[in-house]
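*Asks:* Could you work out the structure for the sequence below:
(one chain, ligands or ions: 1)
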Amino acid sequence: MTTSTPRICIVGGGPAGLTCARVLQLQGIEVAVYDGDTAVDSRDPGGTLDLHADTGQIALADAGLTEAFLAQARPEGRAMTRTDHQGTVLARFAPAPGDTAAPEIDRGRLRRLLHDHVRPGTVRWGHRLVRATPLERGAHRLEFANGAVVRADLLIGADGAWSTIRPLVTDAAPEYLGVSFLDVRFDDVDTRHPELAGTIGDGHLFANDNDGRAVILQRNADRVVRGYLAFRAVRDWHVAAGVDLTDRESVRAHLAGTFAHWSPSLRAVIADSDADYVPRSFWALPAPLAWGHVPGVTLIGDAAHLMAPFGGHGANLAMLDGAELALAVGVALARGGSSTPGQSSALDEAVAAHEAEMFARSAGPATGSNEALAQFFATTSPDAPHLPPDHAQEHHDYLARAAARRRERARRAGGGTDV
Ligand SMILES: Cc1cc2nc3c(=O)[nH]c(=O)nc-3n(C[C@H](O)[C@H](O)[C@H](O)COP(=O)(O)OP(=O)(O)OC[C@H]3O[C@@H](n4cnc5c(N)ncnc54)[C@H](O)[C@@H]3O)c2cc1C
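*Replies:* Alright, predicted model coming up:
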């Protein structure tokens, strides 16, 4: 590789990193992606998420993957039923026919879709970054757990919540939001769990009490329902409670106490998971978060703005970050020719400008999502359970913001074509 072709390395093959790699390659730019997973499907990817017209779907369009996405997406998956802990229905939402403002897709399918559209060999699986060391002129030395060492002229940290690259640009670190949850899964729901399947229909069930507990269930593809049993708790709550997380009966006994005042049918669901109860917790970076540009390195996605998932912005913003950074890099390389990062180059200027836009774009969703989580899990609130957002209005807003974003891009491109 010559100095006129900066070596671009992305660490992290999630939605942010893979979208970035795809959009770079569409512009003829070489890139390598390093991920600690051993394969695209070596780890349980988690449940479903919705891709919004104004963020995730713009990124998909940049990646030339709109049709491929829509072929797998489930617009009907946006249906929502909201109940209290007794199962009393408080609100329902069903998307109108043809509403593609925020279709659902399983995370595993999304990852596979993005991965299948980068050039073979782009993603170096089994490469867990352990250290990134600054070198001269904005370059970085990357050391991986498998012994591999590479040099990056532009290092893009798309390595998620616990980013190894983040300390190169900021001291900010994720903070625990005081809410933990257990992943649950129900297989072959229409046959094995017909009552649950009927309650959820094509979409989601959100149930919560006024004391910081919630059950969130979502229909995925392939007749699977996945969900979260969430509650306010100290970190490592299971240690103090004496719960053996490897023993489903031990977890069930604990949950029977935690959700004792819930309706019999919701308690039956809680006790009925077909898979192990997998413990997780909600964390977020301080928001809004910004840093001064550091030559030769940047962050995108959760690495840059980890937020509570109450708003469903994380993957959407991660993909838009990836696409917009890739487009900015493409323009800079086309204009800057032999620029390499680290010397106020065109490339560094473009990355810094992208960071400023990313900070502005993610600030509102991050603070809003963190507040929404705090509200949803508020204890002893006289107002709880909180009314759901107006989903019809939300969908309308996604479409309006998408049109505005496309107009703004066309304006910047000097009246160029819409994307
Ligand atoms: C319960 C829950 C529900 C959510 N629901 C939604 C939703 O409905 N909609 C939505 O938009 N978002 C949702 N999110 C958020 C969403 O999952 C994230 O925002 C999104 O995955 C971020 O993408 P990313 O590419 O930045 O990071 P990640 O998806 O975390 O990908 C990071 C990648 O980096 C790799 N990696 C990490 N460390 C290293 C290392 N040291 N070396 C090499 N590779 C490394 C990992 O293997 C991984 O592949 C939810 C999150 C949670 C917890």
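*Asks:* low-scoring stretches of the protein, by residue?
*Replies:* For the chain, the stretches with pLDDT under 70 are 1-4, 337-344, 380-388, 415-419.
*Asks:* can you tell me which helix in it is longest?
*Replies:* Ranked by number of residues, the top helix in the chain under DSSP state H is helix 346-376.
*Asks:* Quick check: next helix or strand after that helix?
*Replies:* Elements were assigned by DSSP states H and E; along the chain past helix 346-376, the next helix or strand is helix 391-412.
*Asks:* what is the orientation angle of the longest strand seen in the chain with helix 346-376?
*Replies:* Ranked by number of residues, the top strand in the chain under DSSP state E is strand 175-186. Our comparison of strand 175-186 with helix 346-376, counting by axes from the mean of the first three to the mean of the last three CA atoms, to 10 degrees, yields an angle of 70 degrees.
*Asks:* ok, strand 175-186: who's next to it in the sheet?
*Replies:* Its sheet considered, strand 175-186 pairs with strand 225-232 (antiparallel), strand 278-284 (antiparallel) by DSSP bridges.
*Asks:* Keeping just the C-alphas, turn the helix or strand just after that strand into PDB.
*Replies:* Later in the chain than strand 175-186, the nearest helix or strand by DSSP H and E is helix 189-192. Extracted C-alpha coordinates of helix 189-192, given in PDB (Å, rounded to 0.1, in the frame of the first residue of the first chain):
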ATOM      1  CA  VAL A 189     -44.700 -20.000  19.300                       C
ATOM      2  CA  ASP A 190     -47.800 -20.600  17.200                       C
ATOM      3  CA  THR A 191     -47.800 -24.300  18.200                       C
ATOM      4  CA  ARG A 192     -46.100 -24.400  21.500                       C
END
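*Asks:* which is the next helix or strand following helix 189-192?
*Replies:* Secondary structure here is assigned by DSSP H and E; on that basis, the next helix or strand after helix 189-192 toward the C-terminus is helix 194-200.
*Asks:* Can you list the strands that the helix or strand just after that following helix pairs with?
*Replies:* Using DSSP H and E, the helix or strand that directly follows helix 194-200 along the chain is strand 204-208. Applying DSSP bridges to the sheet, strand 204-208 is found paired with strand 80-84 (parallel), strand 213-219 (antiparallel).
*Asks:* which of the ones you listed sits most buried?
*Replies:* Most buried of the strands paired with strand 204-208 by mean neighbour count (mean count of other CB atoms under 10 Å) is strand 213-219; its value is a mean of 22. C-betas here are computed from N, CA, C, even on glycine.
*Asks:* quick one: is it near the ligand?
*Replies:* No: among the residues of strand 213-219, none lie within reach of the ligand under CB under 6 Å from any ligand atom; the closest is 8.4 Å away.
*Asks:* then that strand to PDB, C-alphas only?
*Replies:* Extracted C-alpha coordinates of strand 213-219, given in PDB (Å, rounded to 0.1, in the frame of the first residue of the first chain):
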ATOM      1  CA  ARG A 213     -40.600  -3.900  36.300                       C
ATOM      2  CA  ALA A 214     -41.400  -4.700  32.700                       C
ATOM      3  CA  VAL A 215     -41.900  -7.500  30.300                       C
ATOM      4  CA  ILE A 216     -41.100  -6.800  26.700                       C
ATOM      5  CA  LEU A 217     -41.800  -9.500  24.100                       C
ATOM      6  CA  GLN A 218     -41.200  -9.300  20.300                       C
ATOM      7  CA  ARG A 219     -42.000 -11.500  17.500                       C
END
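*Asks:* what does it contact?
*Replies:* With contacts defined as CB atoms under 8 Å, 6 or more residues apart in numbering, strand 213-219 is touched by 47-48, 77, 85, 104, 184, 189, 196-197, 200-208, 225-232, 258-259, 262, 266, 269-270, 376-377.
*Asks:* just checking, residue 273 touches residue 187?
*Replies:* No: contact between residue 273 and residue 187 fails when scored by CB atoms under 8 Å: they sit 9.8 Å apart.
*Asks:* Settle it for me: which of the two has more neighbours?
*Replies:* Between residue 273 and residue 187, counted using other CB atoms under 10 Å, the more crowded position is residue 273 (23 against 15).
*Asks:* Need the three-state assignment for residue 109.
*Replies:* helix (DSSP: H, G, I helix; E, B strand; the rest coil).
*Asks:* Over to whichever residue of the stretch 1-150 of the chain sits closest to the ligand: give its phi and psi.
*Replies:* Of the stretch 1-150 of the chain, the residue with the smallest distance to the ligand, taken as CB to the nearest ligand atom, is residue 14 at 2.2 Å. The phi and psi values for residue 14, taken as degrees, to the nearest 10, are phi -100, psi -160.
*Asks:* cool, the one 5 residues further on as well?
*Replies:* Residue 19 adopts backbone torsions of phi -60, psi -40, taken as degrees, to the nearest 10.
*Asks:* out of everything not next to it in sequence, what's closest to it?
*Replies:* Once flanking residues are discounted, residue 19 sits nearest to residue 322: 3.5 Å by CB to CB, 6 or more residues apart in numbering.
*Asks:* Likewise for residue 115?
*Replies:* Distance criterion CB to CB, 6+ apart; nearest residue to residue 115, sequence neighbours excluded, is residue 40 at 4.7 Å.
*Asks:* so that neighbour touches residue 112, yeah?
*Replies:* Yes: taking contacts as CB under 8 Å, residue 40 lies within contact range of residue 112: 6.0 Å.
*Asks:* So what does residue 33 look like in phi/psi?
*Replies:* Torsion angles, degrees, to the nearest 10, at residue 33: phi -110, psi 130.
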